[in-house]
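>>> For reference, the sequence and a predicted model appear below.
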Amino acid sequence: MAQQHMKFGDYQPPDPDEDGYTPSYATTSTPGSGRTQRGVMKNSVMFTVEAYNLKWTNIKANVARRILQQVMNKNSFDFYHYCVHKGKWETSKFYAANFSLQADRLNEDEERIKQLSFQVTAIKPI
């Protein structure tokens, strides 16, 4: 079977670091959810949203720029990814937030980024 790679729209960035593809899920409950005086949880789940923390280290600045152009300041974009809870590759609408960059080298024509990271979050709940 061929190796799959994530994509932002039609753009296929370099694969993230080995520890740079971290799924996370956030569940939202109704306002009436909470614990009783005896500590028993009464929870009424509304929905759960999937997100992925992505990270690249030691990449060329022009590669980081290209990645950011695909996701930054976009209301949404198509994200082709391995969906952990479904156990398959799929394309879904996501948005990006929490960007962090650390420059490594700023020599002209040799600019490198020590680390680029951000989170992509699904538009629709699972």
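Thanks, I have the structure now.
>>> drop to CA atoms for contacts and neighbour counts, all remaining ones
Will do.
>>> residues near residue 113, how many?
By other C-alpha atoms under 10 Å, the residues close to residue 113 number 21.
>>> Could you check how far it is from residue 34?
44 Å (C-alpha to C-alpha, to the nearest Å).
>>> how about the helices of the protein, start to end?
61-71 (DSSP state H).
>>> what about the lengthiest strand in the chain, distance to the chain center?
Secondary structure of the chain per DSSP state E: the longest strand is strand 88-105. Distance of strand 88-105 from the chain centroid (C-alpha atoms, centre = their mean, to the nearest Å) equals 5 Å.
>>> Might you list the low-confidence residue ranges for this structure?
1 (pLDDT under 70).
>>> Now do the strands in it.
Per DSSP E, the chain carries strands over the ranges 7-8, 21-29, 34-35, 41-42, 45-60, 77-83, 88-105, 112-122.
>>> Run through who's touching the fourth one.
Contact with strand 41-42 is made by 33-36, as judged by C-alpha atoms under 8 Å, 6 or more residues apart in numbering.
>>> Of the strands of the chain, which is nearest residue 71?
Proximity to residue 71 (C-alpha to C-alpha) singles out strand 88-105 among these, at 6.0 Å.
>>> Between strand 112-122 and that closest one, find me the angle.
Angle of strand 88-105 versus strand 112-122, following axes from the mean of the first three to the mean of the last three C-alpha atoms, to 10 degrees, is 150 degrees.
>>> what comes up buried for strand 88-105?
By neighbour count on 16 or more other C-alpha atoms under 10 Å, the buried set for strand 88-105 is 91-96, 104.
>>> Counting neighbours, what do you get for the closest residue to residue 117 other than its chain neighbours?
Spatial nearest neighbour of residue 117, excluding adjacent residues (C-alpha to C-alpha, 6 or more residues apart in numbering): residue 55 at 4.3 Å. Neighbour count for residue 55, taken as other C-alpha under 10 Å: 20.
>>> dump the residue contacts of residue 55.
Counted by C-alpha under 8 Å, 6+ apart, residue 55 has contacts 16-17, 19-21, 115-118.
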